[in-house]
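**Q** Quick check, what structure comes out for this input:
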Amino acid sequence: MTIPKSIREKLGLRVGDVVEVAADNTGRMVARKVVFGEETPPDWKSDFARRHKITEADIVRISKSVRREVFKEEYG
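**A** Coordinates of the predicted model:
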């Protein structure tokens, strides 16, 4: 998902940050930066892993790989 620069700056988002996205009761999309150590969103990894027959460790490994690729694209 591409987040406009003005919103990234307002939320203090950087490459690799985790963002929780949800729909409110009016159908609007709401996003917030997830700060670990605070209240975390529901455990989506377990549900996703079960549905796709992969492990949570696979999800973490893939996420780290993608972050590295994005960082290389952004910062060379």
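**Q** List the contacts of the helix or strand of the chain with the lowest mean pLDDT.
**A** The weakest-scoring helix or strand in the chain, judged by mean pLDDT, DSSP states H and E, is helix 44-52 (a mean of 75). Contacts with helix 44-52, where a contact means C-beta atoms under 8 Å, 6 or more residues apart in numbering, come from Thr55, Glu56, Asp58, Ile59. Just so you know, the C-beta spots here come from the backbone N, C-alpha and C atoms, and that holds for glycine as well.
**Q** Tabulate the CA atom coordinates of it in CSV.
**A** Output of helix 44-52 as CSV, limited to C-alpha atoms (Å, rounded to 0.1, in the frame of the first residue of the first chain):
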residue,chain,number,x,y,z
TRP,A,44,-3.5,-11.9,12.4
LYS,A,45,-0.4,-13.9,11.8
SER,A,46,-1.8,-17.1,13.2
ASP,A,47,-5.0,-16.9,11.2
PHE,A,48,-3.1,-16.0,8.0
ALA,A,49,-0.6,-18.8,8.5
ARG,A,50,-3.4,-21.4,9.1
ARG,A,51,-5.3,-20.3,5.9
HIS,A,52,-2.2,-20.4,3.8
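**Q** Show residues contacting the helix or strand following it.
**A** Downstream of helix 44-52, the next assigned helix or strand under DSSP states H and E is helix 56-75. Residues outside helix 56-75 that contact it (C-beta under 8 Å, 6+ apart): Val15, Gly16, Lys45, Ser46, Phe48, Ala49.
**Q** Now do the buried residues in helix 56-75.
**A** Ile59 (16 or more other C-beta atoms under 10 Å).
**Q** that older thread, compute the inter-axis angle for the least confident helix or strand of the chain and helix 56-75.
**A** 110 degrees (axes from the mean of the first three to the mean of the last three C-alpha atoms, to 10 degrees).
**Q** going forward, begin numbering at 52 instead of 1
**A** Happy to do that; since the first residue is 52 now, the last one works out to helix 95-103.
**Q** mind checking how far helix 95-103 is from the chain centre?
**A** 15 Å (C-alpha atoms, centre = their mean, to the nearest Å).
**Q** for the contacts of helix 107-126, which one is nearest Arg59?
**A** Val66 (9.6 Å; C-beta to C-beta).
**Q** Having no further points to raise, I will conclude here.
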